[in-house]
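Chemist: Dropping a prediction and its sequence here:
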Amino acid sequence: MSLPNNKKIIRIGLDFDGVVAYNPLRIVRAPITLIKRNILKNKKTEFYVPTSPLMKLLFWIPHQLSFFPGRGMGFLRKLVEEKKVEAYIVSGRYGYLDAQIPLWLKQRGLFDIFTGVYANKESEQPHLYKERMVKKLRLDYFIEDNLDIVEHLTKKTQTQVYWIYNIFDRSHPYSHKFASPGDALKAISAQ
């Protein structure tokens, strides 16, 4: 993508878990949502916020499986170095987990790619926190892997939201869905 000199830099936000950091447990999200919506008849977008030490530990464990960068982080670096995009992490991780994000990025040589790294320090509902931050940062695009959050942001912001689907929910209709963050970044850079 070659941008004219007068074209503004594209501002892209990325979720952390499931987008910047690949976590294999993200595939269980679709079956859990199916049970929540169809069996428990809960159609509301709402996330459980752990408060007890035991529940915080149980939420902490799956986050430790985010070992590898998501596909496309090398391409994101290229776009940033060419000054075509500014990249921001907007993570819904609850406050007690947020300190791990900068360390994870530094250990994998990715910290310098991002203009800002924002985490949900006050443990707000993740979809509401992301809505607020997407608006505050005036993002042109946001890449997210949680369909509930994708649908919420699509309704509540002017930002173009790109969805990273998984094997269980790939048949769900959505106009901007991709198999990997790299595919989404390529689509953004081609515009």
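Modeler: Received the coordinates, thanks.
Chemist: where does the chain dip in pLDDT?
Modeler: Along the chain, the parts satisfying pLDDT under 70 run over 1-6, 25-45, 48, 60-65.
Chemist: Could you point out the longest strand of it?
Modeler: As assigned by DSSP state E, the longest strand anywhere in the chain is strand 85-94.
Chemist: Heading C-terminal from that one, find the next helix or strand.
Modeler: helix 100-107 (DSSP states H and E).
Chemist: List of residues touching that next one?
Modeler: 16, 20-21, 63, 66, 89, 91, 93, 111, 113-114, 117, 119 (Cβ atoms under 8 Å, 6 or more residues apart in numbering). In this view, the C-beta of every residue, glycine as well, is placed from N, C-alpha and C.
Chemist: between the longest strand of the chain and helix 100-107, how many degrees?
Modeler: Interaxial angle of strand 85-94 relative to helix 100-107 (axes from the mean of the first three to the mean of the last three Cα atoms, to 10 degrees): 140 degrees.
Chemist: What strands line up against strand 85-94, and which way round?
Modeler: Strand pairing for strand 85-94, using DSSP bridges, gives strand 10-14 (parallel), strand 114-120 (parallel).
Chemist: hmm, back to that, just the buried ones from the contacts of helix 100-107?
Modeler: For these, a burial check counting by 16 or more other Cβ atoms under 10 Å picks out 16, 20, 21, 63, 66, 89, 91, 93, 113, 114, 117, 119.
Chemist: which residues touch the first one?
Modeler: Yep, that's residue 16 we're talking about. Residues in contact with residue 16 (Cβ under 8 Å, 6+ apart) are 66, 89, 91, 93, 101, 119.
Chemist: Tell me the bridge partners for the closest residue to it other than its chain neighbours.
Modeler: In space, and not counting its chain neighbours, residue 16 is closest to residue 91: 3.8 Å by Cβ to Cβ, 6 or more residues apart in numbering. With DSSP bridges as the criterion, residue 91 is bridged to residue 119.
Chemist: No further queries at this time; thank you.
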